[in-house]
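Would you be able to build a 3D model of this:
(2 chains)
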Amino acid sequence: MKPFCTLRSNLRNAFLFSLISLALSSSALQAEGAASETVHLRGGVFRLTGTMANSTALSGADGTLLVDSGQNETEAKAMLAAIQTAGLGPVDYLVNTHRHYDHVAGNAVFGSGGAAIIATPSVRESLATNPILPNVPLLPSVALPSICFDKELTLFFDGEVVSLYHPQGPAHTEGDLVVYFRHADVLATGDILFWGMYPYIDPAGSAPGMATALREVAAMIDGNTIVVPGHGPLTDRKGLLLAADMLEDVSQTVARLAAEGKTLPEIIAAHPSARWDEAFGKGFMSPDNFVQLVYNTLPANTGKAK
Amino acid sequence: MTALHASGKPDARLPTFNTVPREFIRKVFVFEEEEKAVKVTVMNPSFGAIFTLIVATLFSPGLCLGLQMKPDVIYASNIRGNVYLFAGPMANCVALMGKDGTLLVDSGEDAAYAEGMQKALNARSSEKPRETRPDPAVRLVLLTHKHFDHVGGNEFFAKKGATIVAQENVRTEMLDGGGVPSDVLPTTSFKEELVLHFADEEVVLQHYDIDGAHTRGDTVVFFRKANILCTGDLFLNGMFPHLDARDGSNVSGIVRSLRRAAALINDQTIVIPGHGAISNKKEMLGYAFLMESLNNTVTGMIDRGMPLEKILVANPAKEFEPYFGTLKLTMFGNDYQSDPDTIVRMIFQCYKGGASSGKTK
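Coordinates of the predicted model:
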């Protein structure tokens, strides 16, 4: 079993989680009352609407495979209803792209319905020992991943070849995975990619790590691939590489300024992300908050309490 | 049920516990010395293990594999915790039973045997009190490798809803066979490691990224809580390794895989070989060590340009015969043999067949 990074600072996470929640819940991403619908993408692959994080489903003769279970059980039940309404088969597999609450909170809904939950080993380890949000109980055992793979897992399901791949990390967290539906040519990235907004970065992750993971994943796909980011609208390989460029550029600039002895407020005042704000700065994460996150997750700063 | 023809029997002339010929051990080393290989210092600490191995193999059912079982009586022996062994007429299969279903390591040689295993599981389940009764329905089948005596029951269990899990090369190799019904193929394929949490047990599957061992897709399955390791055919208790150039087999890959697997386990671990009696870490490593010595001897002869005929005359595996060389059986019209000539032929063919079959260091 590999070591994994526990949440370093509950306070900081509480702040950041609430920041994400507030920002996203006021956005169009989350429909109040959590109604969900299936939208066909290509082949047997669907997207589910009405959830905070993007969920993707593969459906066919063997049943349904779902990627990520929503930010709470209400969202999970809405997705389950949408899957049933669309006449898709029972959910046999649930994949967690990483351990954050907005991707795993609905696990019990599907786990108790008989789905086998798949994740990287560190996700199980984390969910079994840490609450997904401050002051909430641990997830029940039926919500824990029961199939944990190290690097690569391939499912032959519904006539589709589903590649689950753990890119080199830490990236967004220490245990991210992407799901690539090979025949349909659809890639669900989880939160190594936020599209149209600056991303959240877990204290265990880093901006350069996310860029490295994105480039690794970019090699698996081509220009025709539909890319479903963890948050935000659909994009493609170009968008994925643009996000990698942005992460590299901003983290290099921030690292250079920090090496020159600049303090965090001075770095923020220098607007190191200025050239990317048009494309990424209009989401839930303000450019200043993003620069702070990049600064906090620089290798030199990850040990410091903020 | 498949007819088995076993022409080998435990040899009445085999030495007993008190008369294990010390020269057996010595001669292995003498052979090494003759090969100018400086191995003796490494070997000395292993005497105990080798001795244990020899003694154990004397009493091993592996010696008379195919004679032990009446094919129509398929019995699930409780090994430890909720883990059961089917000591089959062919491969050993292992079951882990829990309240949410049963996990099986290898599916047996054919549908009839699979059905027999299912009946035995049902019987095991029904003997438990109602409140703790496990569910005998097989949900997961984990394959140690692609050979028919380990995958023959796939279709039977898949049709009842089981998911078949294997290393990714197993699926590729099975597809290469052509005309394989999809119910037989693994539907979940991993590369190097997979961990399953099933029936309160942590089940670790490991494939060692080595260029061929028994096959190209060998997987060991370790039940961490029960402390039981299933080796598949990397370890055949009481038999020489079975090698096939088409499968990329080589002894050095088998030896390296067994040593990697040994890192998972301890002296309390029950080791279940692919064929033969249940065993332990010391015997498994002793087996690896003896096979490494034999492989180095034979490949050394090949490297010096000896033709197969001359190697057979030199008979480098002769000393192993009483312990690994008494098996001959016919399965589905194919002869499977474990004897000194056969292992030398196999090492020769596989060594000639691939550049990867080097000596182990």
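
Off-centre distance for the longest strand anywhere in chain B?
In chain B, with assignment by DSSP state E, the single longest strand is strand B:228-236. Here strand B:228-236 is found 4 Å from its chain centre; the criterion is C-alpha atoms, centre = their mean, to the nearest Å.

could you point out which element follows that strand?
Per DSSP states H and E, the first helix or strand lying C-terminal to strand B:228-236 is helix B:251-262.

What is the neighbour count of B:C230?
28 (other C-beta atoms under 10 Å in any protein chain shown). C-beta here means a position set from N, CA and C on the backbone, and glycine is covered the same way.

try the one 10 residues further on
Counted by other C-beta under 10 Å, the residues lying close to B:F240 total 27.

Can you name the residues in contact with the longest helix seen in chain A?
Ranked by residue count and defined by DSSP state H, the top helix of chain A is helix A:237-259. For helix A:237-259, the external contacting residues (C-beta atoms under 8 Å, 6 or more residues apart in numbering or on different chains) are A:189, A:193-195, A:199, A:206-208, A:210-211, A:214-215, A:217-218, A:221-223, A:225, A:227, A:229, A:266-267, A:270, A:272-273, A:275-276, A:279-280, A:290-291, A:294-295, A:298, A:300-301.

Tell me which other helices or strands the top strand by length along chain A touches.
Longest among the strand segments of chain A by residue count, using DSSP E, is strand A:186-194. Judged by 3 or more C-beta pairs under 8 Å, 6 or more residues apart in numbering or on different chains; DSSP states H and E, the packing partners of strand A:186-194 are strand A:178-181, helix A:207-218, strand A:226-231, helix A:237-259.

I'd like the ones you listed as JSON lines, with mean pLDDT appended.
JSON lines is the format used below for these (pLDDT from 0 to 100):
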{"stretch": "strand A:178-181", "mean pLDDT": "98"}
{"stretch": "helix A:207-218", "mean pLDDT": "97"}
{"stretch": "strand A:226-231", "mean pLDDT": "98"}
{"stretch": "helix A:237-259", "mean pLDDT": "97"}
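
so what's the residue nearest to the spatial centre of chain A scoring on pLDDT?
Nearest residue to the geometric centre of chain A (C-alpha atoms, centre = their mean): A:D191, 2.4 Å. A:D191 is assigned 98 on the pLDDT scale.

Thought A:A213 was touching it, still the case?
No: contact criterion C-beta atoms under 8 Å: A:D191 and A:A213 do not qualify, at 10.4 Å.

Now do the shared contacts for those two.
In contact with both A:D191 and A:A213: A:172, A:176, using C-beta under 8 Å, 6+ apart.

B:Q206 and chain A: what is the separation?
In this view, B:Q206 and chain A are 9 Å apart by C-beta to the nearest C-beta, to the nearest Å.

Which residues are in contact with that residue?
B:192-193, B:219-220, B:222, B:260-261, B:264.

can you give me the strands in the stretch 101-250 of chain B?
Remark: strands assigned in the stretch 101-250 of chain B by DSSP state E, counting those that start in this stretch are B:101-105, B:138-142, B:163-167, B:188-190, B:193-198, B:201-206, B:220-223, B:228-236.

Mind listing residues that contact the third one?
Outside strand B:163-167, the residues within contact range by C-beta under 8 Å, 6+ apart are A:116, B:107, B:139-143, B:146, B:154, B:157-158, B:185-191, B:194, B:196, B:205, B:207, B:217-219.

That one vs strand B:101-105, what angle?
30 degrees (axes from the mean of the first three to the mean of the last three C-alpha atoms, to 10 degrees).

Strand B:163-167 - which strands sit beside it in the sheet, and in what orientation?
The strands that strand B:163-167 pairs with in its sheet are strand B:138-142 (parallel), strand B:188-190 (parallel) (by DSSP bridges).
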